[in-house]
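Colleague: Return atomic coordinates for the entry below.
(chains A and B)
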Protein chains: 2
Amino acid sequence: MRVPNHVGIIPDGNRRWSVNMGLAKEMGYDYGLSPGLEMFKLCKEAGVKELTYYGFTTDNTKRPKQQTEAFTKACVKAVEMLSKEDASLLVVGNTESPVFPRELKAYTKRKTFGNGGIKVNFLVNYGWHWDLENLFLEGDKEKKGKKNIMDSIYTSDISRVDLIIRWGGRRRLSGFLPVQSIYSDFYVIDDFWPDFKPDHFYNALKWYENQDITLGG
Amino acid sequence: MRVPNHVGIIPDGNRRWSVNMGLAKEMGYDYGLSPGLEMFKLCKEAGVKELTYYGFTTDNTKRPKQQTEAFTKACVKAVEMLSKEDASLLVVGNTESPVFPRELKAYTKRKTFGNGGIKVNFLVNYGWHWDLENLFLEGDKEKKGKKNIMDSIYTSDISRVDLIIRWGGRRRLSGFLPVQSIYSDFYVIDDFWPDFKPDHFYNALKWYENQDITLGG
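Modeller: Residues are numbered from 1 along each chain as shown, chains lettered A, B, ... in the order given. All right, here's what the predicted structure looks like:
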C-alpha cells in the first residue's frame, strides 16, 4: 500500500455537531479530543511519517468569546495528550499575539517525547497571511530567485502535505498551509469531527492509493 | 441565486481523454477550445464577474515537447478566441522565460475587448513559486506587517476566487493561485475537460449556492 508521508487533518464540524446534539455551540470541541488521539495512533500504525492538525486560526479568533475560550482550551489539552505519546512534537502559530495560549509556548520548538518517531505539528493561532509575511523579511537578506519559498515561510519546518482529510463536508482549505498544500490530494468526509470513525481514515487511505501523484508534472 | 463573483477553471484530463479516444496524448488540447468558449458564455450569462483559466504552468513545461507545443498553441488560440468576445482580458505568467509564447505578450496588460464587462484571466506559464517570489522583492520596500500579501504577489490583479471547478476527477489545486484560493470552494467533476457539458457548470453553481461562506470566521 502506498501510504502518504504527511497527512493534514482539518477537524471541522464541531459546532454543527453540538447544535445537532442540542448542546451549546462551544461544547463540541472537547468531543474532538479523543478522535484526535485516535487519528494519531492510526497514522502511526499505518506508517505515516508526519501529521499536522489544524488547531485554530487567527481568523477563528474573531468568534464569540465562549467559542474562542473553548477551542483554545481544547487545543492545549490536545497538545498535552500528544506529549504523552511517542512523537516529535511542534506547535506552530503566531506566538506574538495575546490569544496564543501561554501553556503552549514550551512546545514551539520541536521536541521529542517518549521514543519520538512520527513528526506531529499542531497549528495554534495559525494564519496563512502571517505564514507568508515572513517572505517579506527574507527578501531583505537575499536577492530574487536565490530564495526558496518553502524554506522562507514561518512554517518552514512543516513539509509538503500529501493528503489532507477534512471532516464536516466543506470542500475548501480555509487557509490551511497554502504552500505545503499546493500539490496535496484533498479528501472530504461529510461526518462532523466528533463523529470520527477509523473507517474515515481507512477510506481516505484507500482513495489516496488510487491517486496518480504528478506534482504538477 | 447566489452566484460566485469569481470562478476558477482547472480544465484537466485532456491527455487521458485523448488516450481513451485512441489519439496521441497531445491531441486533446484542441478539443478543449470550444468548451473554454462555452464556459465563458455561460459564466457571462450567469452573472459571474471574473473568470480565471488555468492554461499551463511552469511545472507542465517539463513534459515531452509534443505536449508542451500542443498546449502552448491551444492557449494562444484560446486567448485569441476570447479576444473576439466582450471581455476585459489579461494573460498572467512568467513572461521572462523563453517558453512564454510571443503571441501572448500583447495580452499581459489588461485590455478591454468589445464592450468589455467580465474580467477574464488566463494563466500562461504560471508558477505558484514564481507568483510568491514577488513577496521577497516587496519586502525590500516596506517593513513587516505594513504589506498585504494579496497586493504584493505577481498576480495581484487577480482577486479572491470563490468557486474553483476542476475537470478530470483530481481533488487537488496543483499550484492554482495559492493565495486567491485560500477560501475557495472546490468542485470536482470526474469527466474530462473535452467532454464538457453545460450541466457541469450548472451543477457546480447549484452546489455552490448551498455552501456556507465564512472566510474562515
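Colleague: Which strands and helices lie in contact with the helix or strand of chain A with the lowest mean pLDDT?
Modeller: Lowest on mean pLDDT, DSSP states H and E among the helices and strands of chain A sits helix A:128-141, with a mean of 87. Other elements packing on helix A:128-141 under the criterion 3 or more CB pairs under 8 Å, 6 or more residues apart in numbering or on different chains; DSSP states H and E are helix A:149-152, helix B:128-141, helix B:149-152. For every residue, glycine as well, the C-beta is placed using N, CA and C.
Colleague: what's the helix or strand for the most centrally placed residue in chain A?
Modeller: Centroid-nearest residue in chain A: residue A:53, 2.2 Å away (criterion: CA atoms, centre = their mean). Following DSSP states H and E, one finds residue A:53 within strand A:50-57.
Colleague: Strand partners (parallel or antiparallel) of that strand?
Modeller: Here strand A:50-57 has these sheet partners by DSSP bridges: strand A:6-10 (parallel), strand A:119-126 (parallel).
Colleague: Off-centre distance for the longest one?
Modeller: In this view, strand A:119-126 has its centroid 6 Å away from the chain centroid, taken as CA atoms, centre = their mean, to the nearest Å.
Colleague: Neighbours of the residue nearest to residue A:14 when sequence neighbours are not counted, how many?
Modeller: Excluding the flanking residues, the one nearest residue A:14 by CB to CB, 6 or more residues apart in numbering or on different chains is residue A:28, at 3.5 Å. By the criterion of other CB atoms under 10 Å in any protein chain shown, residue A:28 has 25 neighbours.
Colleague: same deal with the one 3 residues further on?
Modeller: Neighbour count for residue A:31, taken as other CB under 10 Å: 19.
Colleague: Quick check: it touching residue A:196?
Modeller: No: Residue A:31 is beyond contact range of residue A:196, at 9.4 Å (criterion: CB atoms under 8 Å).
Colleague: Look at the closest residue to residue A:195 other than its chain neighbours and say how many residues are nearby.
Modeller: Leaving aside its sequence neighbours, residue A:195 sits nearest to residue A:17 (CB to CB, 6+ apart; 6.6 Å). Residues near residue A:17, counting by other CB under 10 Å, number 23.
Colleague: which ones are touching residue A:215?
Modeller: The contact partners of residue A:215, by CB atoms under 8 Å, 6 or more residues apart in numbering or on different chains, come to A:183, B:59.
Colleague: Can you tell me the SS state at it?
Modeller: Secondary structure for residue A:215, judged by DSSP: H, G, I helix; E, B strand; the rest coil, is coil.
Colleague: what's the distance between it and residue B:57?
Modeller: When distance is defined by CB to CB, to the nearest Å, residue A:215 is 11 Å away from residue B:57.
Colleague: before we move on, what about residue A:194?
Modeller: 39 Å.
Colleague: do the same with residue A:83
Modeller: 41 Å.
Colleague: The two - which one has more neighbours?
Modeller: Relative neighbour count places residue B:57 above the other of residue A:83 and residue B:57, with 23 against 15, counting by other CB under 10 Å.
Colleague: tally of neighbours for the closest residue to that one other than its chain neighbours?
Modeller: Using CB to CB, 6+ apart and skipping the chain neighbours, the partner closest in space to residue B:57 is residue B:126 (5.3 Å). The tally of other residues near residue B:126 (other CB under 10 Å) stands at 26.
Colleague: and residue B:126, what does it touch?
Modeller: Residue B:126 neighbours (CB under 8 Å, 6+ apart): B:54, B:55, B:56, B:57, B:58, B:92, B:93, B:94, B:155, B:175.
Colleague: For the nearest residue to the last one once chain neighbours are set aside, give me its contacts.
Modeller: Going back to what we said before, that points to residue B:175. In this structure, residue B:175 finds its nearest non-sequential neighbour in residue B:128, 4.0 Å apart by CB to CB, 6+ apart. Counting by CB under 8 Å, 6+ apart, residue B:128 touches A:179, A:182, B:57, B:175, B:176, B:177, B:178.
Colleague: Could you look up the SS state of residue A:30?
Modeller: Per three-state DSSP, residue A:30 ends up helix.
Colleague: quick one: pLDDT of it?
Modeller: Note on residue A:30: pLDDT of 96.
Colleague: Dihedrals phi and psi, residue A:164?
Modeller: Residue A:164 adopts backbone torsions of phi -110, psi 130, taken as degrees, to the nearest 10.
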